[in-house]
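>>> here's my sequence, what's the structure:
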Amino acid sequence: MTEQKKTAKKQEKKEKKVVNPSVKGFYHYIKQSWKKPSENFTEEIRKKMIAWRAGRRITKLDKPSRLDKARQLGYKAKKGIIVFRVVLNRGGRQKERPRTKRRSKRLVARKVLKMNYQWVAEQRVQHAHPNLEILNSYPLGKDGTHAFFEVIAVDVSKPEIQNDNSLNWICRKENRNRALRGLTSAAKKSRGLLHKGRNLKVRPSLRAWKRHGK
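Got it, this is the predicted structure:
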């Protein structure tokens, strides 16, 4: 009888168990819509890109377009945190040709190939708003002629930032002008600093190893 009771209880437990589908959060579906966009979503992005190309190169936004990515990189909906959209021209970026006071071999306008587009976008926001510090950035998309990014900037003078334990590290003096000094995540990736090793030619700097770095 005891064995029969045990088998009956096991069957009852199996019947009670209902396989519930795993519940996903709101940010998961936002991420999937950007990762695997549908046809309607891609059409909307293309229309937006056309409007972005016609607009300003740097635009201040009320809220980020990719909320999941922005929150992942430290964005918070509070005073002192600002999001900018940056439009960049794709292709080789050349320095302006110097006109005077150079030797002939120094008059060449060489292409700048050591910085990726995301790092350039962060630097442009830093130059346009020197009172802000660049926290991070993420890509929005690209077409045949332009690349689009959103850059998260922080106003260090705001008390809301200074009293936030997760963000007040950016208020220190050693973190000033992070984008211009190559200390952001995109800059470190462009510099080849994501991996460590003895034989990396980019460490300790690009001037090491007889300038055989990137």
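>>> let me see the ranges of the helices in the protein.
With DSSP state H as the criterion, the chain has helices at 2-16, 26-35, 39-54, 67-72, 117-128, 159-162, 185-191.
>>> any idea which of those is most buried?
With neighbours taken as mean count of other CB atoms under 10 Å, these reach their highest mean count in helix 117-128, at a mean of 21. (C-beta placed from N, C-alpha, C; glycine too.)
>>> residue 141 and residue 34, how far apart?
Separation of residue 141 from residue 34 (CB to CB, to the nearest Å): 9 Å.
>>> oh sorry, the question was meant for residue 185
In terms of CB to CB, residue 185 sits 18 Å off from residue 34.
>>> what do you get for residue 84?
Distance from residue 84 to residue 34, counting by CB to CB: 19 Å.
>>> repeat that for residue 92.
For residue 92, the distance to residue 34 (CB to CB) stands at 28 Å.
>>> same check on residue 155?
Distance of residue 155 to residue 34, computed by CB to CB: 27 Å.
>>> and what of residue 137?
15 Å.
>>> which outside residues touch stretch 103-110?
Stretch 103-110 is contacted from outside by 94, 95, 96, 97, 98, using CB atoms under 8 Å, 6 or more residues apart in numbering.
>>> show me the shaky parts of this structure.
Filtered on pLDDT under 70, the chain yields the residue ranges 1-2, 5-6, 13-22, 206, 213-214.
>>> which phi and psi does residue 145 have?
With angles defined as degrees, to the nearest 10, residue 145 sits at phi -120, psi -20.
>>> quick one: contacts for it?
Contacts for residue 145 (CB under 8 Å, 6+ apart) come out as 53, 89, 90, 91.
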